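Enquirer: Quick one, fold the following:
(chains A and B)
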Amino acid sequence: MRISTLFYTLKQGVSNIFRNKWFSLASAATIAACLFLFGIFYAIIANFQHIVKTAEEGVSVTVFFDEGLEDARIKEIGDMIQKRVEVKEVKYISDEDAWESFKVDYLKGYADGFTENPLEGCANYEIYLNDVSMQSALVTWLESVDGIRQVNRSEITASTLTGVNALIGYISLGIIGILLAVSVFLISNTVTIGISVRKEEISIMKYIGATDFFVRSPFVIEGILIGLFGSALPLGIIYFVYESAVGYVQERFNILSGLLNFLPVEQIFATLLPVSLGIGVGIGFFGSFVTVRKHLRV
Amino acid sequence: MNIKQVGERELSTGSGKKRTAKKSVNGSSDMITLRNVSKSYSTGAPALNGVSLNVKKGEFVFIVGDSGSGKSTLIKLLLRELTPTDGEISVNGYDVVRLKRRKIPKFRRNIGVVFQDFRLLKDRNVYENVAFAQRIIQVPTREIRRNVPAILSVVGLAGKYKAKPKQLSGGEQQRVALARALVNNPPILLCDEPTGNLDPKNSWEIMRLLDEINKSGTTILVVTHNREIVNAMQKRVVTVKKGIIVSDEEKGGYIDED
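Expert: The predicted structure is shown next:
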């Protein structure tokens, strides 16, 4: 292809947008509306999952040792636990640490009367998991380890979080799937209608001897640009609205501030940006490519 | 540029290659050859039935007949918009029946075509409509800037190159279509009812242009209903009736239907 032809094609692609400004606007608006909804739902769902995940990470299993167990064996048990795939972090709490923590949390200034550590023999490991659904498997294993006297865990918290996580997973999959299907349908319909009204133009080009590539290229460029614009617009809005929305929710529901850990906008956009641009540009490209092909057989 | 120069100008492809005339399938100087061509649609009687026709290089031929006689089907077959049910067609050396789909654009670039409804790109001005025919064969921009005004002056529209089609009269629009058909200097010009939407004055103006173009060597085939023009111009007249050629006269006139 000559450079001049390439520039001509690009110029025609851009000019087509302005020549058919109402169609361009309708297409871009449809894409923008669909992807805006998609982006909002994605942000909400991603944050829900993040909040649940954060809550999961706070759930721990506590392991107490047999009385008089040697330090070497305690360390050995600690290493064994650390090697388990479901374990994220193991924290050793000595008798003294346990008593210090208890004093701060529960006794405040009334601990002075104690001359000895009442929590002697309460050294333990606090185990944090990667995936709370694997808690019971870990507990079963811990109970079989020599030197472990007792394993404390919260079965209800673990199973509730696992259930909530699965539910959010299914709901988000369903909603995002439906939104995507509706977006693809609406956007391709708009693109199809826009190009169909110009089928006479396509047939004229073909009568004069234009190749399919020559006829199609400006339409495809037009489709890509509309897709790009239609997806960039909602991304821009979400980017600027997200921070204020998060700030508002945190302020309004201050009481839940420990629970409401929102994702930073950069983390949301790490997925949302490529997916939205991909959908917008992809539909713009394939929609125009396929629709023009229908009218090329002249 | 005058019309003689239009006819003599080499087809500028932008690659520096000159167009070389191909020999037709039968080895003669025929530009268009139809042998026992039939075309049936899925419904109704055949549009063309065993039609044979030879058009020599540089000829001017009128194809006349009533509506539904098969004239437009003939044009569509020559442009390879349709393929015949039976028979062979050769245009400018191309075996049109066996022409592969991807070769159709190149084939059509050697045929100028003018329609009754002009078929101009409505959202582009006169210059861009004509230049489009050059762009598709990748003529360099500097040559387009030279060729388009030249051909527009031949059809008398040099001063209206910025106008959009809807700002022009029917006659002017048809002259733009004619300029677009001629700008690549095709050896054949097919005209499907070129005066069908024009008043007598503009009709005669278009026919005068076609006659001059023909004198410069371009083979011209005109499908028309215009009895007055056919009778006055005394060119070869092929009459089609119900898909069959019923008359082919060297210097004929419009045959009245019974």
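
Enquirer: Now do the strands in chain A.
Expert: Under the criterion DSSP state E, chain A contains strands at A:60-65, A:87-93, A:124-129, A:148-152.

Enquirer: Redo those as a markdown table? Include distance to A:Ser217, mean neighbour count and mean pLDDT.
Expert: No exception for glycine: its C-beta is placed from N, CA and C like everyone else's. What follows is the strands of chain A, written out as a markdown table (distance: least, C-beta to C-beta, whole Å; neighbours: other C-beta atoms under 10 Å in any protein chain shown; pLDDT from 0 to 100):
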| stretch | distance to A:Ser217 | mean neighbour count | mean pLDDT |
| --- | --- | --- | --- |
| strand A:60-65 | 61 | 21 | 85 |
| strand A:87-93 | 53 | 15 | 86 |
| strand A:124-129 | 55 | 21 | 86 |
| strand A:148-152 | 68 | 15 | 85 |
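
Enquirer: Can you pull up the most central residue in the chain?
Expert: Picked chain A for this. Centrality entry for chain A: nearest residue to the mean C-alpha point is A:Ala46, 4.1 Å, by C-alpha atoms, centre = their mean.

Enquirer: Switch to chain B, please.
Expert: Closest-to-mean residue, chain B, C-alpha atoms, centre = their mean: B:Leu190 / 1.5 Å.

Enquirer: Quick check: mean pLDDT of the longest helix along chain B?
Expert: The longest helix of chain B (DSSP state H) is helix B:200-215. Averaged over helix B:200-215, pLDDT sits at 92.

Enquirer: following it, which helix or strand shows up next?
Expert: For helix B:200-215, the following helix or strand on the C-terminal side (DSSP states H and E) is strand B:219-224.

Enquirer: what's in contact with the next helix or strand after that next one?
Expert: Going down the chain from strand B:219-224, the next helix or strand is helix B:227-233, by DSSP H and E. Applying C-beta atoms under 8 Å, 6 or more residues apart in numbering or on different chains, the external contacts of helix B:227-233 come out as B:60, B:62, B:64, B:195, B:200, B:203-204, B:207, B:211, B:224, B:237, B:252-254.

Enquirer: quick revisit: correct me if wrong, but the residue nearest to the centre of chain B is in a strand.
Expert: Yes: assessed by DSSP: H, G, I helix; E, B strand; the rest coil, B:Leu190 belongs to a strand.

Enquirer: Check whether it really touches B:Arg80, as I assumed.
Expert: No: B:Leu190 is beyond contact range of B:Arg80, at 11.6 Å (criterion: C-beta atoms under 8 Å).

Enquirer: buried stuff in stretch A:232-247?
Expert: A:232-235, A:238-239, A:242, A:246 (16 or more other C-beta atoms under 10 Å in any protein chain shown).

Enquirer: before we move on, what about stretch A:150-167?
Expert: For stretch A:150-167, the neighbour count (16+ other C-beta under 10 Å) marks A:151, A:153, A:158, A:161-162, A:164-165 as buried.

Enquirer: can you pull out the helices in the stretch 1-150 of chain B?
Expert: Along the stretch 1-150 of chain B, counting by DSSP state H, counting those that start in this stretch, helices occupy B:3-8, B:71-78, B:104-108, B:126-135, B:141-154.

Enquirer: Now tabulate the ones you listed in CSV and tack on mean pLDDT, mean neighbour count and distance to B:Asp117.
Expert: Formatted as CSV, those follow (pLDDT from 0 to 100; neighbours: other C-beta atoms under 10 Å in any protein chain shown; distance: least, C-beta to C-beta, whole Å):
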stretch, mean pLDDT, mean neighbour count, distance to B:Asp117
helix B:3-8, 48, 16, 24
helix B:71-78, 92, 22, 12
helix B:104-108, 93, 19, 18
helix B:126-135, 93, 24, 14
helix B:141-154, 93, 18, 21
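
Enquirer: Need the ones you listed in CSV (columns: distance to chain A).
Expert: Formatted as CSV, the helices of the stretch 1-150 of chain B follow (distance: least, C-beta to the nearest C-beta, whole Å):
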stretch, distance to chain A
helix B:3-8, 17
helix B:71-78, 10
helix B:104-108, 4
helix B:126-135, 5
helix B:141-154, 5
